[in-house]
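In: Model the following, please.
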Amino acid sequence: MEAGEFFESYPWWIVVLSNLLSVAIYGLGAFIIYQVGWIYMAVYLVYALVLEIRLLRGHCVHCFYYGKVCAFGKGRLSSAFFKQGDPERWSEINLTWWAMIPDMLVALLPVLVGIVVLVIDFSWPVLAAVVAVAVLATAGNGAVRGSLACNHCIQRQSGCPAEKLFGGAST
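Out: Below is the predicted model:
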């Protein structure tokens, strides 16, 4: 796989690796938040699910990969549940840091809750989970998106709101 090689359909190993990253962040986040109660953990997991549905319904339906296998498999998943949108709309989406706050909270909330839990009652497993979420959400996400996903994305050629926001950092 060469840099700059664009995929009409991503290899399944990239889809699996990309989704394992998300599942790991959600799972570790749930473990951390479970330390304060299962109800809070359930709310966190519902929140993560709502964000995923919002992505599938509000963004993936307009993407080139709608009905195809993108780096996250969400183009195909979106087509199973939602009607195709307007591909021209994708490049018109104005992604801002403010708009990304709900997505960033998926990792930030468990880290903050974990820090409070550690201050109240230190635990090595909680510390390991907090560090893992922080690393996966930053370096892990950057590696997956930068090297595997965005680098090979056809949609990026016609305009990508994330690339505009990050200033081409995904290349």
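
In: ok, the residue nearest to the spatial centre of the chain to residue 144 distance?
Out: What sits nearest the mean C-alpha location of the chain, by Cα atoms, centre = their mean, is residue 22, with 5.9 Å. Distance, residue 22 to residue 144, by Cβ to Cβ, to the nearest Å: 9 Å. For the C-beta atoms, the positions are set from N, CA and C on the backbone; glycine is no exception.

In: residues touching the closest residue to residue 14 other than its chain neighbours, list them.
Out: Leaving out its chain neighbours, the residue that sits closest to residue 14 by Cβ to Cβ, 6 or more residues apart in numbering is residue 148, at 5.0 Å. Going by Cβ atoms under 8 Å, 6 or more residues apart in numbering, residue 148 touches 14, 17, 18, 71.

In: measure residue 148 to residue 36 for me?
Out: 34 Å.

In: quick one: which of the contacts of residue 148 sit in helices?
Out: Residues of the contacts of residue 148 located in helices (DSSP state H): 14, 17, 18.

In: List only those of the residues you listed flagged as buried.
Out: 14, 18 (16 or more other Cβ atoms under 10 Å).

In: From the ones in helices among the contacts of residue 148, pick the one nearest residue 80.
Out: Proximity of the ones in helices among the contacts of residue 148 to residue 80 (Cβ to Cβ) peaks at residue 18, which lies at 17.9 Å.

In: right, and the closest one touches residue 72 too?
Out: Yes. The criterion here is Cβ atoms under 8 Å, and residue 18 meets it with residue 72 at 4.9 Å.

In: From the contact counts, what lies against the helix or strand of the chain with the lowest mean pLDDT?
Out: Sorting the helices and strands of the chain by mean pLDDT, DSSP states H and E puts helix 161-166 at the bottom, at a mean of 72. Helix 161-166 sits against no helix or strand, with contacts defined as 3 or more Cβ pairs under 8 Å, 6 or more residues apart in numbering; DSSP states H and E.

In: So which bits of it are buried?
Out: Buried-residue list, helix 161-166, by 16+ other Cβ under 10 Å: 161, 162, 163, 166.

In: Thanks a lot, see you next time.
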